[in-house]
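Visitor: This is the structure alone, sequence omitted:
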């Protein structure tokens, strides 16, 4: 999986440079592959998309690997050798799969990949075929120009991120950890996007949050057992009533305020950029600071606490029959450093008569916002937008970073998108009419390439 290097120099210009690679056009083309992940191991189109990407890389002189646990669930991995092999490597990961779309709710075909009015439309436009396209465009540009980065860059276009990762990143790490030998850090989705805000004095602020942490994803299935019987004759041990009581306690629990270093830094630095003074010594002060941040406060609001949300219920099969078993699934998200205490709290809230098992157990991640990796991202953003305010933050959800972190890799959310001067913004992620600004993808590709060449 080693590049057939165009040259041994850091940068050369071949005699027959290829035509310019447009990341926006690549993004639109990738959207036209229906790579819907339906969950529970069912998906569509990941292999076809992976084969297309592999063919472009091979034509450009790279040696990609196409691999996965089954023929239809394929990922692409390629290593670009750096000019200084003594430097630690960097992983760039992006997922090929997308969540389902309901065409009847959309104003256009979710997989048409239309470019209209300064937007690229379609399922996956911003989650995350934009990053796939920007990364792919960067590699193709390197090949055309004869450019090599200074350190090894491992690129992984993976399947199955929108479900559990068992057919994608988790499988790659379990079955082929050697692919990531020498890698010290990784960048992936959810970070480096321009967020347009207004300061107290009315001045525009362009905030670029970069993820340095993620809440842990702890999905559990709980089960209550009781006595089955006729619906007209109540029983003392009713599985449904026991389960519902436990779920009510879990779902309504107010988790304590927990300010991790990433969350604290995000609130303090964003508040300062907006001209506010954040008082984070009291819960009321934290709430006021988050409210004053406007749109930027949304992510802070969901990362100052752990959370527990019942999402699925299963019980019974007939109205006049009391079931002997009732089950539910609960989505638990825990902050860095809180995993053990969070599960102890869950057990206490569920109470007696309810057992649990993990469906997915991915601990939280946390990387160093003071590292040279983060500083390199900040410098790349500033070179392209001198007014950029770059801040660390903690993700409320999760990404494939959780699969790579156990290898000792420091993971960051950095899939840059520049500001659109026309005011267009990313919209419709996991929703209707998903879209990403053309200008943001093109500028994002330049920022990404700058970072990878200078990190």
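Guide: Yes, it's here. These numbers come from a predicted model, not from an experiment.
Visitor: Any stretches of the chain with poor pLDDT?
Guide: 1-20 (pLDDT under 70).
Visitor: and it, what are its domains?
Guide: Per automatic domain parsing, the domain ranges recorded for the chain read 23-189+399-454, 214-362.
Visitor: Can I get those in CSV including distance to residue 197 and mean neighbour count?
Guide: Any C-beta I mention is one placed from the backbone N, CA and C, and that applies to glycine too. Listed next are the domains of the chain as CSV, based on distance: least, C-beta to C-beta, whole Å; neighbours: other C-beta atoms under 10 Å:
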stretch, distance to residue 197, mean neighbour count
domain 23-189+399-454, 11, 21
domain 214-362, 6, 17
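Visitor: Residue 377 is nearest to which of those?
Guide: Closest approach to residue 377 among the domains of the chain (C-beta to C-beta): domain 23-189+399-454, 5.2 Å.
Visitor: Quote the end-to-end distance of the closest one.
Guide: Using C-alpha to C-alpha, to the nearest Å, the end-to-end distance of domain 23-189+399-454 comes out at 20 Å.
Visitor: circling back to that earlier point, nearest to residue 201, out of the domains of the chain?
Guide: When those are ranked by proximity to residue 201 (C-beta to C-beta), domain 214-362 comes first, at 6.0 Å.
Visitor: and residue 261, what does it touch?
Guide: Residues counted as contacts of residue 261 (C-beta atoms under 8 Å, 6 or more residues apart in numbering) are 366, 369.
Visitor: measure the residue nearest to the spatial centre of the chain to residue 95 for me?
Guide: The centroid of the chain falls nearest to residue 399 when counting by C-alpha atoms, centre = their mean (3.7 Å). Distance, residue 399 to residue 95, by C-beta to C-beta, to the nearest Å: 8 Å.
Visitor: Give the residues shared as contacts by the two.
Guide: 161, 189.
Visitor: who does the helix or strand harbouring residue 309 touch, helix- and strand-wise?
Guide: Element membership for residue 309, per DSSP states H and E: strand 307-315. With contacts defined as 3 or more C-beta pairs under 8 Å, 6 or more residues apart in numbering; DSSP states H and E, strand 307-315 has these neighbours: helix 239-252, strand 325-334.
Visitor: So which of the ones you listed is nearest residue 67?
Guide: strand 325-334 (30.3 Å).
Visitor: Name the next helix or strand following that closest one along the chain.
Guide: Per DSSP H and E, the helix or strand that comes after strand 325-334 is helix 339-350.
Visitor: related to what we said a few turns ago, so which of the domains of the chain gets nearest residue 386?
Guide: Among those, domain 23-189+399-454 sits nearest to residue 386 (C-beta to C-beta), with 12.1 Å.
Visitor: And that closest one, how far out from the chain middle?
Guide: 11 Å (C-alpha atoms, centre = their mean, to the nearest Å).
Visitor: re earlier: check what contacts the strand holding residue 309 and list those residues.
Guide: 215, 239-240, 243, 247, 250-251, 253, 255, 323, 325-333, 346, 349.
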